[in-house]
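any chance you can model this:
(one chain, ligands or ions: 1)
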Amino acid sequence: MKKIMIIDGGPRKTFNTASMLKRFAEGAASVSEEIEVKTVRLYDLHFKGCMSCMACKLKGKASQICKFRDELTPVLEDIAGADGLVLGSPNYFGEVTGLMRAFLERLAFPWLSYNDYSITAPKRMPVVLVETQNGSAEYNNCNGYGSMEHCIAQALSQPQKLFAHNTYQVKNYANYELAGFSEEAKRKYRDEHWEKDLQHAFDTGRQMAESIMASTAMGC
Ligand SMILES: Cc1cc2nc3c(=O)[nH]c(=O)nc-3n(C[C@H](O)[C@H](O)[C@H](O)COP(=O)(O)O)c2cc1C
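Residues are numbered from 1 along each chain as shown. The predicted structure follows:
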């Protein structure tokens, strides 16, 4: 079996980010029964960001997997042995959510060597970063995964990015103090783009699974 880990860093179980990740998972699973897709919702777990315990850098016992034990530990262990990784987050104030950031600290700090400043994960694998946001493709404040993108590129592979712009933030704009948004414009955009965004997520999932299966066939 080949494993794709999907990490959902958004709080809402059925909204934009979760929907994009669900479609990605469906696309990946459609390729082969040999592909296992596991989705983890960070908001369901009790964990902290890096505690700076430095256990991952102990002389003679350095580890590329975080040594601090909590509910994130099995997820980090799963990722270390996975064949593909997908991270999803809504844009919160130009960046990923706080929980996604906390997760990334735990994922990436053990990769970083303070001996030679190399950044190395236990295993390289394809990565997709999913971001959903209010902003449009042209006008957005998204710094996304920020400097963590560089760590991911060094340690795992250059990530592919998947966006959903100008998302519906609530089901019914009339019920909220959201006069700064035109629901009509939002609806028009959604009608034109949302299904395409979901299809793009499905196709990207399929492509990741196909490339994993192809490299398996080549004995990689
Ligand atoms: C706390 C918070 C901060 C946000 N900040 C931004 C932002 O800076 N830029 C942006 O384009 N959208 C921002 N948004 C909108 C969300 O990114 C957007 O609605 C996203 O699609 C929500 O994902 P979800 O439906 O999966 O929860 C923010 C939403 C919240 C709740």
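
beta partners for the most centrally placed residue in the chain?
For the chain, residue 87 is the residue whose C-alpha lies nearest the centre (C-alpha atoms, centre = their mean; 0.5 Å). Residue 87 forms beta bridges with residue 7, residue 129, as assigned by DSSP bridges.

and it, what does it touch?
7, 9, 100, 104, 127-130, 145 (C-beta atoms under 8 Å, 6 or more residues apart in numbering). C-beta here means a position set from N, CA and C on the backbone, and glycine is covered the same way.

tell me who's in contact with the residue nearest to residue 35 when sequence neighbours are not counted.
In space, and not counting its chain neighbours, residue 35 is closest to residue 209: 4.7 Å by C-beta to C-beta, 6 or more residues apart in numbering. Residues in contact with residue 209 (C-beta under 8 Å, 6+ apart) are 2, 4, 27-32, 35, 84.

give me the subset of these touching the ligand.
Taking C-beta under 6 Å from any ligand atom as the test, the ligand is in contact with none of the contacts of residue 209.

list only those of the contacts of residue 87 flagged as buried.
With burial judged by 16 or more other C-beta atoms under 10 Å, the buried subset of these is 7, 9, 100, 104, 127-130, 145.

okay, these in JSON lines with distance to the ligand and pLDDT next?
JSON lines is the format used below for those (distance: C-beta to the nearest ligand atom, whole Å; pLDDT from 0 to 100):
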{"residue": "7", "distance to the ligand": "13", "pLDDT": "98"}
{"residue": "9", "distance to the ligand": "9", "pLDDT": "98"}
{"residue": "100", "distance to the ligand": "12", "pLDDT": "98"}
{"residue": "104", "distance to the ligand": "17", "pLDDT": "98"}
{"residue": "127", "distance to the ligand": "20", "pLDDT": "98"}
{"residue": "128", "distance to the ligand": "16", "pLDDT": "98"}
{"residue": "129", "distance to the ligand": "14", "pLDDT": "98"}
{"residue": "130", "distance to the ligand": "10", "pLDDT": "98"}
{"residue": "145", "distance to the ligand": "14", "pLDDT": "93"}
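
so which strand or helix has residue 195?
helix 183-217 (DSSP states H and E).

does that helix come close to the ligand?
No: using C-beta under 6 Å from any ligand atom, helix 183-217 stays clear of the ligand, coming no nearer than 10.4 Å.

what segments of this structure are strands?
With strands called from DSSP state E, the chain shows them at 2-8, 35-41, 84-90, 127-132, 160-164.
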